[in-house]
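Visitor: Turn this into a structure:
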Amino acid sequence: MSDTRYLAFDYGTRRIGVAVGERATRTAHGIVTVASGRAGADWKHIAALIDEWRPDTLVIGLPLAMDGHETTMSRDSRRFGAELGRRHALPVEWMDERLSSDDAQHRLRAATAPGRRISRRRTRRLDQLAAQLILETYLEQQRGPP
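Guide: Numbering: from 1, shown residues only. So this is what the prediction gives:
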């Protein structure tokens, strides 16, 4: 029997970070940043990723306000996740991502030499890293208490 595989998405109005992970290893890694814009997500690119990685479950970051309430971005993320699940007939799970982008930014800055600007390529990596952190948190929660 194969292990459960997940694809995680850090949805944004301009870019969507994507990460992959498995339950057995409880590890995740960012794989790509997908374009998003006025016309919506690049559904063709996302379909190719789902065909390639064959996830069992999709995990979508849910950007809540610090007090836990939903925001406009939360609703946009929910619409994206609902459409993603509908298009691919896969279960969708939601993961609170309140601090994942801040954590990803901190990690990216720490990996950049002092005094150097963060390159555009590394900025794109930020979205992947945020998706990775969302999935790592999700996988850790699936483990349950020690």
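
Visitor: switch to C-alpha atoms for all contacts and neighbour counts from now on
Guide: Noted.

Visitor: hang on, isn't E140 packed against A24?
Guide: No: applying C-alpha atoms under 8 Å, one finds E140 not in contact with A24, separated by 11.0 Å.

Visitor: Could you give the number of residues near the residue nearest to I31 when sequence neighbours are not counted?
Guide: In space, I31 comes closest to A19 once its chain neighbours are excluded; the distance is 5.2 Å by C-alpha to C-alpha, 6 or more residues apart in numbering. Using other C-alpha atoms under 10 Å, A19 has 26 neighbouring residues.

Visitor: Tell me, what's the model's pLDDT at A19?
Guide: We have a pLDDT of 97 for A19.

Visitor: worst-scoring helix or strand of this protein, pLDDT-wise?
Guide: helix 100-110 (a mean of 55; mean pLDDT, DSSP states H and E).

Visitor: which ones are touching the residue nearest to I31?
Guide: A19 sits next to 7-9, 28-32, 128-129, 131-132, 135 when contact means C-alpha atoms under 8 Å, 6 or more residues apart in numbering.

Visitor: which SS class is it?
Guide: Put simply, A19 is strand when judged by DSSP: H, G, I helix; E, B strand; the rest coil.
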